[in-house]
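Student: Provided below for reference: sequence and predicted model.
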Amino acid sequence: METSLSDLHIQELTKAVSLLENPSIAAKITNVIGMPIEKAIDFLPDNWQSSIGKITQKSLIKATEAAIWSLEDIKVDRPSNAWHKLGAAVSGGVGGFFGLPGLAVELPLSTTIMLRSIADIARSEGELLSDNETKLACMEVFALGGESTADDDAESGYFVVRAALANSITEASRFVATKKISEESAPALVRFIVNVAARFNVLVTEKAAAQAIPAIGAVGGGIINTLFMDHFQNMAQGHFIVRRLERIYSPEEIKTWYNAILELNLENAD
């Protein structure tokens with residue numbers, strides 16, 4: 001294809017593709033708990049499957065209020081990834097200590113820390129956190145890297161997820177321009193959060209299953225949360241690199257280049 005992106009931007013987009021299209025953390029969690037994550041999920045009580053979904057939605061709502069609404073539009077060259085990982089490790093230690101019952105307390109805290117880290121990364125890529133679309137794009141990161149069991153055609157491809165959320169983001173953006181996120185009469189915002197939560201819930205279920213293993217303890221819980229944080233920091237970095245390049249060129253051109261790089265990577269892997 002004809003070159004229009006600079007060499008630097010091609011390198012950055014290649015990095016973004018690598019981060020966004022290799023998102024699985026199941027293998028890493030498996031190494032920590034010493035068993036396949038699918039086996040750990042089988043040990044979850046049936047009633048906890050629906051409970052985790054409810055906890056996930058509530059955590060996203062609380063985290064959004066506490067995290068991105070409090071950050072300012074200042075220029076940041078480097079996000080504070082290490083500090084946020086430390087905070088996630090501490091909260092994960094609490095969850096690991098109390099096991100599955102501690103998830104309702106730990107997940108809102110760790111989700112808030114993760115969302116604040118995501119917003120920090122967004123800011124470092126030139127995003128304005130005063131922009132409602134940017135705030136919603138930060139929440140969108142939680143939908144990346146996990147397939148939705150609620151959709152018949154659930155896929156994890158980056159642009160597939162963005163396309164699936166596009167309409168609900170537009171509707172939610174109109175609402176948050178004049179309202180507070182916690183208002184219960186926000187159907188557009190609720191739909192967006194439900195769509196994100198459906199995908200985020202897949203990874204939360206894996207995390208909860210791992211932390212529910214009696215032998216995991218506080219140390220293992222902290223490690224799992226660190227892996228969780230690292231995953232979403234990678235998703236955020238790739239996501240906001242793509243968004244920055246879309247502002248420089250165009251969304252259509254970046255998507256074309258993105259898919260071309262992905263196809264080349266797949267061919268090289270065969």
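Tutor: Great, that's in hand.
Student: what does stretch 8-20 rub up against?
Tutor: Taking contacts as C-beta atoms under 8 Å, 6 or more residues apart in numbering, the residues outside stretch 8-20 that touch it are 3, 5, 144-145, 158, 234-235, 237-239, 241-242, 245, 248-249, 254, 257-258, 261-262, 265. Glycine gets a C-beta too; all of them are placed from N, C-alpha and C.
Student: least trustworthy helix or strand in this structure by mean pLDDT?
Tutor: In the chain, the helix or strand scored least confidently by mean pLDDT, DSSP states H and E is helix 81-98, which has a mean of 53.
Student: pLDDT averaged over the very next helix or strand once past that helix - what is it?
Tutor: Helices and strands here follow DSSP states H and E; after helix 81-98, the next one along the chain is helix 103-124. For helix 103-124, mean pLDDT rounds to 87.
Student: Tabulate the CA atom coordinates of helix 103-124 in CSV.
Tutor: Extracted C-alpha coordinates of helix 103-124, given in CSV (Å, rounded to 0.1, in the frame of the first residue of the first chain):
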residue,chain,number,x,y,z
LEU,A,103,-14.6,-9.1,45.7
ALA,A,104,-17.5,-6.7,46.4
VAL,A,105,-15.1,-4.5,48.4
GLU,A,106,-11.9,-5.0,46.4
LEU,A,107,-13.2,-4.7,42.8
PRO,A,108,-14.6,-1.1,43.1
LEU,A,109,-11.3,0.0,44.6
SER,A,110,-9.1,-1.8,42.1
THR,A,111,-11.3,-0.7,39.2
THR,A,112,-11.0,2.9,40.3
ILE,A,113,-7.2,2.6,40.4
MET,A,114,-7.2,1.0,37.0
LEU,A,115,-9.4,3.7,35.5
ARG,A,116,-7.3,6.4,37.0
SER,A,117,-4.2,4.8,35.4
ILE,A,118,-6.1,4.5,32.0
ALA,A,119,-7.0,8.2,32.2
ASP,A,120,-3.4,9.0,33.1
ILE,A,121,-2.2,7.1,29.9
ALA,A,122,-4.9,8.9,27.9
ARG,A,123,-3.6,12.3,29.1
SER,A,124,0.0,11.3,28.2
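Student: Which elements pack onto the helix or strand just after that helix?
Tutor: Sequence order places helix 132-140 as the next helix or strand after helix 103-124, per DSSP H and E. Judged by 3 or more C-beta pairs under 8 Å, 6 or more residues apart in numbering; DSSP states H and E, helix 132-140 is in contact with helix 46-66, helix 103-124, helix 158-176, helix 187-212, helix 217-248.
Student: Please enumerate residues in contact with helix 132-140?
Tutor: By C-beta under 8 Å, 6+ apart, the list of residues contacting helix 132-140 reads 60, 64, 67-69, 115, 118-119, 122, 127-129, 161-162, 165, 169, 172-173, 176-177, 192-193, 196, 236, 239-240, 243.
Student: Show me which of those residues are buried.
Tutor: 60, 64, 67-68, 115, 118-119, 122, 127, 129, 161-162, 165, 169, 172-173, 176, 192-193, 196, 236, 239-240, 243 (16 or more other C-beta atoms under 10 Å).
Student: Figure out the helix or strand that residue 38 lives in.
Tutor: With DSSP H and E as the test, residue 38 turns up in helix 37-42.
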